[in-house]
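> this is the structure alone, sequence omitted:
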């Protein structure tokens, strides 16, 4: 079983609408949780990073939340744009005293349509 | 943010040839870089951790003689796919760590990826 599960697997929304992507993880303890955006054929780009003690982080129209008790995170996208169409990946860094091996989620494929 | 570049962005080669992919950190030094491969609609899979001045650490199931990694400087790591075969066709992505304010805020920056097609 993957230690980082994301839902939904794919999502289609209309331009201008908001959406929320979910990430459930079992990695524990962990150093930080990040959300990345990956355009097709490109490398992932970091959107937000939250340490285990933080519960929200914003980056423009992207807002990530973290509930370490329930081991859940969400990424909320406001006023979606066509350029938001991409894969969104939740990534957790296990705490190994300085280790930096990442645990990747399965990703949510978002498509924004007119 | 920090910039990681890869070269080439895409390469097509014949079966049996070797292909070298470069990964550079453009505005910072990276003692550690990572190499991933990604198949369509799948998540990134870590292949190896590249350490400057020492041998790379390979993940289980990754052939070190097939995927040669050299990290000769603090800004350059190379991945050579030796005797490439069609099953090696994939999207290869490198990354490097940038330390944040604390050890918990370390962020990995990814390169743009290299699309390899072996005919």
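Thanks, I have the structure now. Since the structure is predicted, the reported quantities are computational estimates derived from the model, not experimental observations.
> when you work out contacts or count neighbours from here on, use the C-alpha atoms and nothing else.
OK.
> and the residue nearest to residue B:16 when sequence neighbours are not counted, what helix or strand is that in?
Using C-alpha to C-alpha, 6 or more residues apart in numbering or on different chains and skipping residues adjacent in sequence, the residue nearest residue B:16 is residue B:83, 4.1 Å away. Using DSSP states H and E, residue B:83 is not contained in any helix or strand.
> residue B:83 and residue B:14 touch, don't they?
No - the criterion here is C-alpha atoms under 8 Å, and residue B:83 misses it with residue B:14 at 9.2 Å.
> count of neighbours near the residue of chain A found nearest chain B?
Closest approach of chain A to chain B (C-alpha to the nearest C-alpha) occurs at residue A:43, with a separation of 4.2 Å. Here the number of neighbours of residue A:43 (other C-alpha atoms under 10 Å in any protein chain shown) works out to 25.
> then residue A:24?
Neighbour count for residue A:24, taken as other C-alpha under 10 Å: 20.
> quick check: residues of chain B near chain A?
Applying C-alpha under 8 Å from any C-alpha of the partner chain, one finds that chain B approaches chain A through B:42-44, B:91, B:93, B:103-105, B:107-113, B:115.
> pairing partners for the helix or strand of chain B with the lowest mean pLDDT, with directions?
Using mean pLDDT, DSSP states H and E, the weakest-scoring helix or strand in chain B turns out to be strand B:107-110, at a mean of 83. Applying DSSP bridges to the sheet, strand B:107-110 is found paired with strand B:90-98 (antiparallel).
> run the chain-centre distance for the partner strand.
5 Å (C-alpha atoms, centre = their mean, to the nearest Å).
> please apply the same query to stretch B:69-80.
Offset of stretch B:69-80 from its chain centre (C-alpha atoms, centre = their mean): 9 Å.
> what distance separates the start and the end of that stretch?
End-to-end distance for stretch B:69-80, by C-alpha to C-alpha, to the nearest Å: 6 Å.
> ok, and what's touching that stretch?
B:18-26, B:28-31, B:33, B:35, B:50-56, B:66-68 (C-alpha atoms under 8 Å, 6 or more residues apart in numbering or on different chains).
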